[in-house]
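**Q** For reference, the sequence and a predicted model appear below.
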Amino acid sequence: MPGLVIVGAQWGDEGKGKVTDLLAERADAIVRFQGGNNAGHTIVRDGEEFKFHLIPSGILYPDKACVIGNGVVLDPRILLGEIDGLRRRGIDMNNLKISANAHLIMPYHVLLDTAGEVKLGKLSLGTTRRGIGPCYADKALRLGIRVQDLLDEKILRAKIRTALGPKQQALRELSVQRRKLRKEAGEGSVAEGAIEDAPDPRIDLHTMTEEHVNFGHRLEPHIADTSRLCWDVLDAGKTVIFEGAQATLLDLDHGTYPFVTSSNPIAGAATVGAGVGPTDIDEVWGVAKAYATRVGAGPFPTELEDATGRYMLEKGHEYGTTTGRERRCGWMDLVALRYAVRLNRMTSLAITKLDVLSGLDTLRVAVRYRSREGALLDTFPYHQSILHSATPEYEELPGFSADLQECRSADELPPEARSYLDYIAEFVGVPIRLVGVGPGRDQVVWLGD
Ligand code: GDP
Ligand code: IMO
Ligand code: MG
């Protein structure tokens, strides 16, 4: 398995962290290739919980290179906080390598993300407000600041100065617009602290430059030519895991636009975001929950706003790892999953959180949609308005009541749970190789080899 990509098959939080940790045992390098600290990947080892936002989920192995690739957008303050937190817990950070070409999330990106969401009001996307969209926008505008810029104060200052003008202008305009709207709504004139008219100290050129030079000193030992590092591992016939963040249906091009993130979380993007070739990828593992969740706004055809949805929320502890928001819950959507399987050309599936479904008499899986006009749709609609108004049609399968958390092999799973998995694998045409039955590292059932 020299090049193996792990991707989210739904709307995120499928358990990619846990699956990466498990597969990393046999890998030599683990690479994040897109996204930023909008991600929150959880690993539970011996009852101890780790939540990673930027650091690859292989970091608990002291002998494996963990790489933050060029496709990641990196908030240096958050990364340093994560490094310090892990060090305090006794985790060795020497193997953390950071691409010199990764772009930096600057304080003004975070402010712009929040200001943009506030301006959208009821139409907001529900972003994580971590500055992801504005940072990728600057990258595309060629106004971005990269990790390597932290190492040269003169260049850094010049780049911040160039980038800053349009940001201050945009923040001022957003602030004025918002105050106008509030006034119209009779809500007084107090603007939210960060985006007042007065210059915000967090986006002062000198403060930011000084602070970031200091971040550069601290990150310097980790900065490396990470593409070359991946080539060396792959060329030696060893394994690299490319750890996706977010998920297929949040993909900027192929997800439920505009309710998506600002990067490409699909498998194809691993090549660009890590600097390897398409033929370096041998396997693609998709991770899906046994049901579906979504955090943030946007279409979710199988969403349940009833007691069953509540059951999934509570039993599955469906609260965002990054923002703590309640995740919306619903039935497994096989139309969407089949789309994700093909888009990523998955070779294997990992189904997580099967344990959460125990106790439900009947399980439902969406097998097609019906459009508002009554047409049956077997494929995931590419047209936004069709998807927004489509209703799912379900197949019903028998549920199971046994607690699965102690199951460790397929024959320990109740027959109904096995039938449920078989139905999914058959429908989407990809074998399920791993099943999660609890958050712990050992709470897993391997299927096949
Ligand atoms: P990621 O973003 O895809 O890595 O997923 P998150 O870490 O955001 O969310 C997954 C949550 O489910 C975490 O709290 C995990 O500890 C937990 N989890 C992972 N696999 C399982 C499983 O099989 N069963 C249960 N009950 N929890 C799981
Ligand atoms: P992991 O890697 C779930 C969602 C946000 C919002 C949309 C855009 O833990 O699975 P952004 O801040 O990226 O501009 O927000 O994307 N989102 C996630 N949802 N898991 C994630 O990451 C997510 N990262 C972003 O909630 O709807
Ligand atoms: Mg997550």
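**A** Thanks, I have the structure now. Numbers count the residues shown, from 1 in each chain. Ligands and ions are numbered 1, 2, ... in the order given.
**Q** List the contacts of residue 427.
**A** 334, 337-338, 365, 367 (C-beta atoms under 8 Å, 6 or more residues apart in numbering). Where C-beta positions appear, they are placed from N, C-alpha and C, glycine not excepted.
**Q** out of those, which are inside helices?
**A** Counting by DSSP state H, the part of the contacts of residue 427 found in helices is 334, 337-338.
**Q** Most neighbours among these, which one?
**A** residue 337 (27 neighbours; other C-beta atoms under 10 Å).
**Q** returning to that earlier point: any chance of the ones in helices among the contacts of residue 427 in CSV, plus pLDDT and distance to ligand 1?
**A** Output for those, formatted as CSV (pLDDT from 0 to 100; distance: C-beta to the nearest ligand atom, whole Å):
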residue, pLDDT, distance to ligand 1
334, 98, 19
337, 98, 15
338, 98, 20
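**Q** Next, see if stretch 119-128 gets close to ligand 2.
**A** Yes - applying C-beta under 6 Å from any ligand atom, one finds that stretch 119-128 is in contact with ligand 2 at 125-128.
**Q** mind checking the end-to-end distance for that stretch?
**A** End-to-end distance of stretch 119-128 (C-alpha to C-alpha, to the nearest Å): 15 Å.
**Q** before we move on, back to that, tell me the one among the residues of stretch 119-128 next to ligand 2 nearest to ligand 1.
**A** residue 128 (11.6 Å; C-beta to the nearest ligand atom).
**Q** Quick check: chain neighbours aside, which residue is closest to that closest one?
**A** Nearest residue to residue 128 in three dimensions, chain neighbours excluded: residue 38, at 4.2 Å (C-beta to C-beta, 6 or more residues apart in numbering).
**Q** just the ones in helices among the contacts of residue 427 now: which is nearest ligand 2?
**A** Among those, and counting by C-beta to the nearest ligand atom, the member closest to ligand 2 is residue 337, at 15.7 Å.
**Q** Quick check, that closest one in contact with residue 429.
**A** No - using C-beta atoms under 8 Å, residue 337 makes no contact with residue 429, being 10.5 Å away.
**Q** Can you report how many residues lie near the residue nearest to residue 128?
**A** 28.
**Q** swap in residue 248?
**A** Residue 248: 29 neighbours (other C-beta under 10 Å).
**Q** Around ligand 2, which positions in the chain sit nearby?
**A** 8, 12-13, 38-41, 125-128, 130, 132-133, 245-247, 250, 261-262, 295-296, 321.
**Q** related to what we said a few turns ago, the residue nearest to residue 128: what's it in contact with?
**A** 127-128, 130, 132, 245-246, 261, 322.
**Q** And for residue 103?
**A** Taking C-beta under 8 Å, 6+ apart, one finds 72-74, 135-136, 138-139, 144-147 in contact with residue 103.
**Q** ok, 7 Å please
**A** By C-beta atoms under 7 Å, 6 or more residues apart in numbering, the contact list for residue 103 reads 73, 135, 139, 144-146.
**Q** what do you get for residue 408?
**A** With C-beta under 7 Å, 6+ apart, residue 408 has these contacts: residue 445.
**Q** Check the gap between it and ligand 2 for me.
**A** According to C-beta to the nearest ligand atom, to the nearest Å, residue 408 and ligand 2 sit 26 Å apart.
**Q** quick one: stretch 3-22 to chain centroid distance?
**A** Relative to the centre of its chain, stretch 3-22 is centred 9 Å away, using C-alpha atoms, centre = their mean, to the nearest Å.
**Q** same thing with stretch 103-118?
**A** On C-alpha atoms, centre = their mean, the centre of stretch 103-118 falls 18 Å from the chain's centre.
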